[in-house]
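Colleague: just coords:
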């Protein structure tokens, strides 16, 4: 798998010695990619009361930043000894905003981070840093649930072949390409799922003036259309040499996919986050968001080509933190210098 060339790992206080760091390093080595380990610390307001200590907010921020920089240097020292070039950076501000800006500045093509919360993703993802990044980050975001396993044994690709828009069709291709590449690298079993539904079926059965036979016929036609498109999508990929299973399921995607993950013990889901472009306040696709609120496994989310992040690099006159966002340059910010 030689797909990613500039990987960003979002570190936190629990990253040291964890499998996520080793996984990021292994992926960078396999791809001959650059690896940057980044953390984001909170900005200390200048008006913060400091009467009880003999230090200014500016100096305190500098000390915190320098200490975290040293921690990251120690964190990556063993990886550097193996010959892998690894950079470190400490940013100041809101994590999802600063990571987005770092991606835009440095042209990262993958963000890796640990799932937030003790219980992994479930009940923790929505509204969190990881979901913000899945919504707004221009590159794929890989949120990894902590595990002792060294590889992903079973990977699920969630596809939607019933997309009229060209960018969504390309999104399916991205999902399949990433899934098959990862499966080859990890020697994983592939599961590919498409869920379908006959919209309004229950309402027609309860209140519609149509016979049950006619409603069954319409549902059957809908199923046939979805199945044809699903088969056509799968036919574009050579899966003969890969251990794979296909799942064509009727029902609510969030329920069907969540049950599928639990039933087969799936470790990772690769799915698209479909967002509008050119609109303030981007949103994750309704289906994707409902699934992400329920799943309890690692998630690799991708976006269509041409996706434009709503997060912008700061311009002159905009709000900025009190320090430059890269460790090692601790001079106070002057907005006119941006």
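Modeller: Happy to help now that I have it. Predicted model, so just to flag it, every value in this text is computed and none were measured.

Colleague: and residue 253, what is it in contact with?
Modeller: Applying Cβ atoms under 8 Å, 6 or more residues apart in numbering, we find residue 253 in contact with 158, 195, 287, 290-291. Every residue, glycine included, has its C-beta placed from N, CA and C.

Colleague: with adjacent residues omitted, what lies nearest to it?
Modeller: residue 195 (4.4 Å; Cβ to Cβ, 6 or more residues apart in numbering).

Colleague: which strands and helices sit next to the strand or helix carrying residue 131?
Modeller: Element membership of residue 131, judged by DSSP states H and E, is helix 129-136. Helices and strands touching helix 129-136, by 3 or more Cβ pairs under 8 Å, 6 or more residues apart in numbering; DSSP states H and E, are helix 95-106, strand 110-114, strand 141-144.

Colleague: show me what the host helix or strand of residue 247 is packed against.
Modeller: Here residue 247, judged by DSSP H and E, is contained in strand 244-250. On a contact count with 3+ Cβ pairs under 8 Å, 6+ apart, strand 244-250 meets strand 189-196, helix 212-234, helix 253-264.

Colleague: just to revisit the earlier point, and of the helices and strands packed on helix 129-136, who's closest to residue 8?
Modeller: In terms of Cβ to Cβ, the element of the helices and strands packed on helix 129-136 nearest to residue 8 is strand 110-114, at 5.0 Å.

Colleague: backbone phi and psi for residue 198, please?
Modeller: With angles defined as degrees, to the nearest 10, residue 198 sits at phi -100, psi 100.

Colleague: how many other residues sit next to it?
Modeller: Each residue near residue 198 was counted by other Cβ atoms under 10 Å, and the total is 17.

Colleague: buried stuff in the strand holding residue 247?
Modeller: Buried residues in strand 244-250, counted by 16 or more other Cβ atoms under 10 Å: 244, 247, 249.

Colleague: can you check what angle separates it from strand 189-196?
Modeller: Strand 244-250 runs at 20 degrees relative to strand 189-196, counting by axes from the mean of the first three to the mean of the last three Cα atoms, to 10 degrees.

Colleague: relative to helix 253-264, how tilted is strand 244-250?
Modeller: Between strand 244-250 and helix 253-264, the angle comes out at 140 degrees (the same axes, to 10 degrees).

Colleague: next, the angle helix 212-234 makes with strand 244-250.
Modeller: 150 degrees.

Colleague: give me the mean pLDDT for strand 244-250.
Modeller: Model confidence over strand 244-250, given as mean pLDDT, is 96.

Colleague: buried stuff in stretch 178-189?
Modeller: In stretch 178-189, counting by 16+ other Cβ under 10 Å, buried: 178-180, 182-183, 185-186, 188-189.

Colleague: before we move on, back to that, tell me the angle the helix holding residue 131 makes with helix 95-106.
Modeller: Using the same axes, to 10 degrees: helix 129-136 against helix 95-106 is 50 degrees.

Colleague: from here on, call the first residue 40.
Modeller: Yes, from this point I'll number from 40; that puts the last item at helix 168-175.

Colleague: so how far is helix 168-175 from its chain's centroid?
Modeller: 7 Å (Cα atoms, centre = their mean, to the nearest Å).

Colleague: now that helix: mean pLDDT?
Modeller: Taken as a whole, helix 168-175 has an average pLDDT of 87.

Colleague: what angle separates that helix from strand 149-153?
Modeller: Calculated by the same axes, to 10 degrees, helix 168-175 forms an angle of 160 degrees with strand 149-153.

Colleague: pick the most deeply packed of the helices and strands packed on strand 283-289.
Modeller: Mean neighbours per residue, mean count of other Cβ atoms under 10 Å, is largest over the helices and strands packed on strand 283-289 for strand 228-235, with a mean of 22.

Colleague: quick one: strands adjacent to that strand?
Modeller: The strands beside strand 228-235 in its sheet (DSSP bridges) come out as strand 193-197 (parallel), strand 283-289 (parallel).

Colleague: so residue 130 lies in a helix, does it not?
Modeller: No - counting by DSSP: H, G, I helix; E, B strand; the rest coil, residue 130 is not found in a helix; it is strand.

Colleague: what's the burial count for it?
Modeller: For residue 130, the neighbour count with other Cβ under 10 Å is 25.

Colleague: any idea how far residue 140 is from it?
Modeller: Per Cβ to Cβ, to the nearest Å, residue 130 is found 8 Å from residue 140.

Colleague: cool, and residue 154?
Modeller: Distance check for residue 154 against residue 140: by Cβ to Cβ, it reads 23 Å.

Colleague: give me the more crowded residue out of the two.
Modeller: The residue with more neighbours, out of residue 154 and residue 140, is residue 154; 23 against 18, by other Cβ under 10 Å.

Colleague: where does the more buried one fall, phi/psi-wise?
Modeller: Note on residue 154: backbone dihedrals following degrees, to the nearest 10 are phi -60, psi 140.

Colleague: which other helices and strands does the top helix by length along the chain contact?
Modeller: Taking DSSP state H as the criterion, the chain has its longest helix at helix 96-120. The contact analysis (3+ Cβ pairs under 8 Å, 6+ apart) places helix 96-120 against helix 58-70, strand 73-80, strand 125-131.
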